[in-house]
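1. sequence and computational prediction follow.
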Amino acid sequence: MELQLTSQLHELLSRKTIKKLQVIPDSQIDDDPTLADFFKATTFPNFQDPNTNTLDILISKKQLVKIFIECHKVIDDHISNTDGLQHFSRDFINSDLMTLYSATLGIWLVTPEEHRALILNESMLIKLLSNSMISEHQDTLYRHFEILSGYLTSTIAKTNKSSSLWLYFKKTLIRLFNNLSSVHEQSSNTAKDQLFVNCIETILHSIRSHPRNYYAGSTLRFLIAVLRHSGEFEMLRIYYSKILTYLKKDGLNDYSIWLVFLQLCVNVDSEEYFIAEYNRLCEPHKKNNAPEWHNVSKNRCFNNEVNLGVVLYQDLKNLLVGSELASYSAWYVFTFVSTRSDFHDGKHRKDGFEILDFFEEQVAVFENSNNVKIDTKTAQLVSSDGGIVDLSSDLLLQEKFNLVLIFKRLLNKSW
């Protein structure tokens, strides 16, 4: 059975750019003549956004179902036993490896936790690599990596948030990284840098499609640990810039990514777990002399020259102080960095700014000027006579209250 739709889609997804695969309901296509014309003109309408440099790809629900059916048929034709995990049919050796590889990868777009397909796809990928020249390995791996990246930045929630797919993404990254590490040329260093940039772009685009994506955030922490322990400090600066831009624009209330950002800057927690995971996933590649990185002491900065905690402090101070930005996540991270001894000279901050004193002043001014008290447990404003202040009739007061409520809650924490 031909994988007509799957092959066409993979051809688009394999392009070396950030993709956004959007599933369009069939009813929407039927009701929109312009959209219908797009699908008549080409199988998968696609547009390169010059502002974001993102390749937007449209796929209909009907096409998604057809991809599932054609991939499922190929897989079933090559598996003889009922559980589909242990044995291949007799004619497997003579089958088209690329067809089965494409089918097992294609079905993951619809059923990303299909472990039978994962086991088969990894087997097919290894066979494709073993049957090709070493010089062709990078092209095969890059194509595989780009297709997975396209899945993870899609608007399909169960695909975008699939734990198995994110793990496979990390495995593929390690294969690529070690393949590039075996090439001792300047071009390979440039390729590695671009690979890590592509990773952060993929993760942030994935989170934009589906915020609070746990596995995307965990993968980001994994990458930060790998970069830190391999001494890629300049790449960490790039990650810092890209994550901060995302947080300012799209993720002000994305608490999980704010904590990842904090980890990037001041290394709050030991990264032993992520380094152990890297080394475990690296086991199959030890013959390629893959580096093995070890845990560093808690709260260690990157090196003696680069301390992104200081940079973070100043950037957040410029962003928050004097603003009306009521983001608990942002203020929490700023408070954490501000109260660390790393940035104090004796009892006083070097720039003379004390965050807890600032909070106390702001809370006192607000409560005294409005003759009220803020109840942090109920998130209510209590008047001097004990009544609850109705904020619905005063939007300006409500906005100020939302901000000062954050300050008072942070004051109640132990820093």
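-> It's in.

2. isn't Phe401 right up against Ile374?
-> Yes. Using Cβ atoms under 8 Å, Phe401 makes contact with Ile374 at a distance of 7.2 Å. C-betas here are computed from N, CA, C, even on glycine.

3. okay, and the common contacts of those two?
-> Common neighbours of Phe401 and Ile374, counting by Cβ atoms under 8 Å, 6 or more residues apart in numbering, are 366, 381.

4. any idea of the mean pLDDT in stretch 41-56?
-> Averaged across stretch 41-56, pLDDT comes to 91.

5. gap between that stretch and the chain center?
-> Relative to its chain's centre, stretch 41-56 lies at 21 Å (Cα atoms, centre = their mean, to the nearest Å).

6. tell me how far the ends of it are from each other?
-> Its start and end residues considered, stretch 41-56 measures 16 Å (Cα to Cα, to the nearest Å).

7. run through who's touching it.
-> By Cβ under 8 Å, 6+ apart, the list of residues contacting stretch 41-56 reads 5, 8-9, 12, 15, 17-20, 22, 38-39, 57-59, 63, 205.

8. now do 6 Å
-> Under the criterion Cβ atoms under 6 Å, 6 or more residues apart in numbering, residues 8, 12, 17-20, 38, 57-59 lie in contact with stretch 41-56.

9. out of those, list just those in helices.
-> If you go by DSSP state H, the contacts of stretch 41-56 have 8, 12, 38 in helices.

10. which of those are buried?
-> With burial judged by 16 or more other Cβ atoms under 10 Å, the buried subset of those is 12, 38.

11. from the ones in helices among the contacts of stretch 41-56, which is closest to Lys413?
-> Leu12 (48.6 Å; Cβ to Cβ).

12. tell me how far the closest one lies from Arg143.
-> 12 Å (Cβ to Cβ, to the nearest Å).

13. what do you get for Lys248?
-> For Lys248 relative to Arg143 (Cβ to Cβ), the value is 34 Å.

14. over to Ser241?
-> Remark: distance between Ser241 and Arg143 (Cβ to Cβ) = 29 Å.

15. again with Arg228
-> From Arg228 to Arg143 the distance is 29 Å (Cβ to Cβ).

16. more crowded one of the two?
-> Taking neighbours as other Cβ atoms under 10 Å, Arg228 and Arg143 compare with Arg228 leading, 24 against 16.

17. in the longest helix seen in the chain, which residues are buried?
-> The residue-count maximum for a helix in the chain (DSSP H) belongs to helix 186-209. Buried residues in helix 186-209, counted by 16+ other Cβ under 10 Å: 191-192, 196, 198-209.

18. and for stretch 104-116?
-> Result for stretch 104-116 [16+ other Cβ under 10 Å]: buried residues 104-112, 114.

19. Leu381 falls within a helix, correct?
-> No. Under DSSP: H, G, I helix; E, B strand; the rest coil, Leu381 falls outside any helix and is assigned strand.

20. thought Val389 was touching Ser383?
-> Yes. If you go by Cβ atoms under 6 Å, Val389 and Ser383 touch, sitting 5.4 Å apart.

21. so if I had to pick from the two, which one is more boxed in?
-> Taking other Cβ under 10 Å, Val389 and Ser383 do not tie; Val389 has more neighbours (18 against 13).

22. how is the chain carved up into domains?
-> Here the domain assignment for the chain is 4-160, 308-411, based on automatic domain parsing.

23. which ones are touching the residue sitting nearest the centre point of the chain?
-> Closest to where the C-alpha atoms of the chain average out (Cα atoms, centre = their mean) is Ile203, at 2.7 Å. Contacts for Ile203 were tallied using Cβ under 6 Å, 6+ apart; they are 216, 220.

24. give me the neighbour count for Leu319.
-> 17.

25. and it, what element?
-> helix 308-320 (DSSP states H and E).

26. stretch 251-271 spans what distance, first to last residue?
-> 24 Å.

27. so which bits of it are buried?
-> The neighbour-count check on stretch 251-271 (16+ other Cβ under 10 Å) flags 251-252, 254, 256-267, 271 as buried.

28. show me the contacts for the residue nearest to Leu152 when sequence neighbours are not counted.
-> Closest residue to Leu152 apart from its sequence neighbours, by Cβ to Cβ, 6 or more residues apart in numbering: Ser206 at 4.9 Å. Applying Cβ under 6 Å, 6+ apart to Ser206 gives the contacts 152-153, 160, 216.
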